[in-house]
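1. the following comprises the amino acid sequence and a computationally predicted model.
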Amino acid sequence: MYGNPTLTLFSSRIVLVGQIMHRLKLDWKGNEGSIAETAGTFRIMFLATIVYISIDQFLKFLPFFAMLSGSYNDDDYATLSFLRGFIGIAYFVITVVLVAKTRAHIRGKFSIPEKDCRGSGMEDCICSFCCTCCTLAQMARHTADYENYASKCCSETGLGPNAPSIV
């Protein structure tokens, strides 16, 4: 009820996925496309993050507004808690799927073999599920030259306008 301290970190993951996908010219579903089809990938991911945070915060504070109006009961709290948890899990699943698809695309594009799950195709899913942050950091470093070009928080590629594309 009192909030999720990792909400901002968790939801910012999809913004980084959007930046990486934009670099790779993937659409918001993780599929290759033309420049026109992939131009809005980052904006869609950013908007999805804003919508998720807004809904989560609305559901978090709704019981307080209901208490002030005098129409609050325990069943409402249970329903809102369930709904908030369901939306959080759905957002997490979407994040894992997009990270796994993006990681698989990078491995295919650069001919990077699976290390631990040879031939099964499960390594991308396992890495994305178990350590999303590490997987995202690995993909971001692989698709950008951070040693020579500074990262930019809210740009479509996560890089400045003068940074060359290395993918």
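-> Thanks, I have it.
2. my guess is Arg103 contacts His142. True?
-> No - using CB atoms under 8 Å, Arg103 makes no contact with His142, being 9.6 Å away. Quick note: C-beta positions are derived from backbone N, CA and C, even for glycine.
3. so which of these two has more stuff around it?
-> Here Arg103 and His142 are compared on neighbour count by other CB atoms under 10 Å; more neighbours surround Arg103, at 24 against 17.
4. name the nearest residue to the more buried one, ignoring sequence neighbours.
-> In space, and not counting its chain neighbours, Arg103 is closest to Asp124: 4.4 Å by CB to CB, 6 or more residues apart in numbering.
5. what kind of secondary structure is Thr112 in?
-> You called it Thr, but residue 112 is Ile. In three-state terms, and counting by DSSP: H, G, I helix; E, B strand; the rest coil, Ile112 is coil.
6. the residue nearest to Arg103: how many residues sit nearby?
-> 21.
7. what does Ser151 show for phi and psi?
-> For Ser151, the backbone dihedrals (degrees, to the nearest 10) come out as phi -80, psi 150.
8. give the rounded mean pLDDT of the host helix or strand of Met67.
-> Assigning secondary structure by DSSP states H and E places Met67 in helix 41-69. Averaged across helix 41-69, the pLDDT comes to 87.
9. quick one: list the elements packing against that helix.
-> Helices and strands touching helix 41-69, by 3 or more CB pairs under 8 Å, 6 or more residues apart in numbering; DSSP states H and E, are helix 7-23, helix 74-109.
10. and Arg84, how far from Phe58?
-> 9 Å (CB to CB, to the nearest Å).
11. and what of Val93?
-> Val93 is 21 Å from Phe58, by CB to CB.
12. now the angle from the helix holding Met67 to helix 74-109?
-> Here the directions of helix 41-69 and helix 74-109 differ by 170 degrees (axes from the mean of the first three to the mean of the last three CA atoms, to 10 degrees).
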